[in-house]
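Asks: curious how this folds, go ahead:
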Amino acid sequence: MSAPIPSTASATIAEREQAHTSGAYAKRSLVWVRGQGCTVYDEAGRAYLDLTSGQGVALLGHAHPDVAQAVARQAQTLITCAEAFYNDQRAALYERLSALLPPEFGGGRFFLCNSGAEAQEGALKVARLLTGRANIVAAKRGFHGRTLGALGLTWNKDYREPFMGWTPPVRHISYNDLASAEAAIDETVCAVVVEPVQGEGGVYPANPEWLVGLRRLCDERGALLVMDEIQSGLGRCGRWFAYQMADIVPDIITLGKGIAGGLPMGAVIWRAALGTIPAGTHGSTFGGNPLSCAAACAALDALRAADLPAHSARLGAWLLEALRTLKLPTVREVRGLGLIVGLELRDRVTPVLQALQERGVLALPAGKTVLRLLPPLIIQQSELERAVDAIREVLHAVCQ
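Replies: Sure thing, here's the model as predicted:
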């Protein structure tokens, strides 16, 4: 017999949610009810420094005024408009995204959807339609989402194995290993899909030379190079796109997370010279809706106005140096690029996350032993100094 559901009059917020949750998420003992900038607040009003960006979504922090105002205006004007019709906000977003792309994209072709995982699904379909091929190459330790197509790309067997047989044909290669790529990429491969910085897999930046080698192999063998910039893109790694560190041009880019300032959105972008896909081969009811497009336009404008990619590069370099200077015996390695940083620990990360939360600092895991810092791009050095102090205290106290 299931446990009785508490009455809403006496139950806490957590109890009310737990009574109906799917079970798909490992919950933390914290209720968010409000956010402002890099700070979130629980139901008792306690403040927490958010180094998670809400799973990488809050590039501009929480409740950014430009995004909030754009959403309020658009909500009173037009909320939904399927892509069977044209729309002013969608056209404006296409133009803003085009301005971020290299000239080789020719302005780019776009498919808008609702999440990063959906963007990966779209990229796979686009690659299949444009090449006529079926096989895919992805990287070990990579994470690309939990929908079935994206799940096939994702390396972690805990995610994949319950759904084996439902996922597409994928060959997994070693990250930063060109010989592994040479052996896997052939004339049957439609797409090579990699993250220029692996986030969930442990915060591993790609070697620029490896990305250059992948570009060469794809050119030689007719495969499309897909850069998953869902977590690394839009300024997170010190440039608009992390692949730019290698001075290459991919064929397809996928975006998600913070593109719409916190509203659900994903995007597939491919080089205009590759052409369009046939009508009816893909679609999304809510993809490109005016509300999310207005939010995305405001978010991109705010990222550009504050030059947050440069801010991320500068503060990210400071954070890496500050953490490395600690020289803590409990830390094996500090890795990162811009404002995505991982501390590989000698023990499990869960007790560290819990102790940081008790001190009012929220961070993420990246596997069982990596502490991942993914702050909003608006974060200031004084806030990062507080985070570094908390990490030092916790690692001294917990990992003895």
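Asks: which stretches of this protein aren't confidently modelled?
Replies: Low-confidence segments of the chain (pLDDT under 70): 1-10, 399-400.
Asks: one more time with 80
Replies: The model of the chain has pLDDT under 80 over residues 1-11, 398-400.
Asks: residue closest to the middle of it?
Replies: Nearest to the mean C-alpha position of the chain, by C-alpha atoms, centre = their mean, lies residue 231 at 2.3 Å.
Asks: now that one: phi and psi?
Replies: Torsion angles at residue 231 (phi, psi; degrees, to the nearest 10) stand at phi -100, psi -30.
Asks: wait, what's in contact with it?
Replies: Contacts for residue 231 were tallied using C-beta atoms under 8 Å, 6 or more residues apart in numbering; they are 56, 116, 195, 197, 199, 200, 257, 340, 374. From N, CA and C alone the C-beta is placed, and that goes for glycine too.
Asks: equivalent analysis for residue 47, please.
Replies: 39, 40, 41, 360.
Asks: redo that, cut-off 7 Å
Replies: 39, 41, 360 (C-beta atoms under 7 Å, 6 or more residues apart in numbering).
Asks: and the gap between it and residue 363?
Replies: 15 Å (C-beta to C-beta, to the nearest Å).
Asks: check residue 311 too.
Replies: 20 Å.
Asks: ok, the two, which is more surrounded?
Replies: Legend: neighbour count by other C-beta atoms under 10 Å for residue 311 and residue 363, higher for residue 363 (25 against 19).
Asks: please report how far the more buried one lies from residue 134.
Replies: Per C-beta to C-beta, residue 363 is found 40 Å from residue 134.
Asks: any idea how many residues pack against residue 279?
Replies: Neighbours of residue 279 using other C-beta under 10 Å come to 7.
Asks: likewise residue 328?
Replies: Residue 328 has 18 neighbours, counted by other C-beta under 10 Å.
Asks: can you tell me the element the nearest residue to it once chain neighbours are set aside falls in?
Replies: Nearest residue to residue 328 in three dimensions, chain neighbours excluded: residue 395, at 5.1 Å (C-beta to C-beta, 6 or more residues apart in numbering). Using DSSP states H and E, the element containing residue 395 is helix 381-398.
Asks: quick revisit: what about the contacts of residue 231, which are in strands?
Replies: Judged by DSSP state E, the contacts of residue 231 include 197, 340 as members of strands.
Asks: reformat the contacts of residue 231 as CSV; add distance to residue 346.
Replies: Output for the contacts of residue 231, formatted as CSV (distance: C-beta to C-beta, whole Å):
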residue, distance to residue 346
56, 26
116, 31
195, 25
197, 23
199, 21
200, 20
257, 30
340, 21
374, 22
